[in-house]
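> Attaching a predicted model along with its sequence, questions to come.
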Amino acid sequence: MTDLRDELTDGEELDTRYQSETWVRREAVLQNPAELLPIVQAEVAKAIVGQERVIEFVLTSILARGHLLLEGPPGTGKTLLARALARLIGGQFRRVQFTPDTNADEITGRYIRRGGERVFEPGVAFTNVLLADEINRARSRTQAALLEAMEEHAVTIDGKTHRIKSPFFVLATQNPFEHVGVAELPESQLDRFLFRINLEYVSESDELKMLSLPRRGITPDVIGEVVPLLGDNAILLLQEAVDRVEVPEQVGLTAVRVVRRTREIVGVTLGAGPRSIVHVLAATKARAALHGRDKADVDDVLEIVRQALPHRIQAEQSGRAVIEQAIADVA
């Protein structure tokens, strides 16, 4: 019979090696943020395949201290992708499934009586990574409560402000094909999201690879395979590194001119606002860091405006068509 102490020792050695490998990868990422993207893509591929480009924009959003709205048809893995990324990023993770019955105080928190005292009970927004599932199913007041927390990194209840600890990242999902029992986000609230990304169907070969992922019946059994890498302190350090990325004047000028041009194109009723310039520059710096550079360039800003601006545009033509025309006019 095997000695139980021997099994325990083997397990401890395995755990030590696991922690050591994780530490080595974390240190590599902190020394060179360009190491982050391929590591994250490889880990998330254990849970969902064929979405490498989406993962890049999620990371860009996190490093830029922004938030992301993920759209797509049912069954494309929006929730699974969010859970895998949250596990890999580390920190505290919470999820809220929005319904028409979800109240605003479930998001922000409320005061309750406990032991004869009036105390604040935090809502789900008090976390590092919040998955806001099917945000378009919530009532407008509930949506507004979340979006205020995203913008301010704080909530105000009964005149008292409660800060949300950094890092704080919201990954919201919605099904754009659902029209029953949904409340579409108005443009003023869509503007709070750095990116609005469409999770499209993957290729035939990637759908074939999905069949080899671990499952229990129809239920995915893969999240535990994703190795936590960063933790909240590492995210903060990476965000500070992004803040130090240099933005040459020409890069900033390109961003400003593209944004301003979206307001002048024929057929546009609402162009990108001043807030979008701030979002674009932050994401431009994050993209440069993810690609191993300490100075952003024009290619960075043009790649970002193509993803960060379309959802802020109201026009006769598509938002993407407006952005491409603005780039052509400015470049």
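Perfect, thanks for sending it.

> Next up, the contacts around the nearest residue to residue 141 once chain neighbours are set aside.
Counting by CB to CB, 6 or more residues apart in numbering, residue 141 lies nearest to residue 104, which is 5.3 Å off, once chain neighbours are set aside. Backbone N, C-alpha and C define where each C-beta goes, glycine included. Residue 104 is in contact with 141-142, 144-145, counting by CB atoms under 8 Å, 6 or more residues apart in numbering.

> Now that we have the residues you listed, which of them are buried?
Buried members of the contacts of residue 104, counted by 16 or more other CB atoms under 10 Å: 142, 144-145.

> any idea how the protein splits into domains?
22-243, 244-331 (automatic domain parsing).

> If you average the pLDDT over stretch 100-110, what comes out?
Taken as a whole, stretch 100-110 has an average pLDDT of 94.

> buried set for it?
So, applying 16+ other CB under 10 Å, buried residues of stretch 100-110: 102, 104, 106-109.

> what's the answer for stretch 142-160, then?
Buried, per 16+ other CB under 10 Å, within stretch 142-160: 142-150, 155, 157.

> mind putting those in a markdown table, pLDDT and distance to residue 249 included?
Shown next, in a markdown table, are these (pLDDT from 0 to 100; distance: CB to CB, whole Å):
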| residue | pLDDT | distance to residue 249 |
| --- | --- | --- |
| 142 | 92 | 42 |
| 143 | 90 | 38 |
| 144 | 89 | 37 |
| 145 | 91 | 39 |
| 146 | 92 | 36 |
| 147 | 87 | 33 |
| 148 | 87 | 34 |
| 149 | 92 | 34 |
| 150 | 92 | 30 |
| 155 | 93 | 38 |
| 157 | 91 | 43 |
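
> out of the residues you listed, who's nearest residue 190?
residue 147 (9.2 Å; CB to CB).

> Could you look up the SS state of the closest one?
Here residue 147 is recorded as helix under DSSP: H, G, I helix; E, B strand; the rest coil.

> Name the residues that touch the strand or helix carrying residue 142?
Per DSSP states H and E, residue 142 falls inside helix 140-152. Defining contact as CB under 8 Å, 6+ apart, one finds that helix 140-152 is touched by 67, 98, 102-108, 125, 132, 135, 138, 155, 164, 168, 170, 172, 183, 185, 189, 192.
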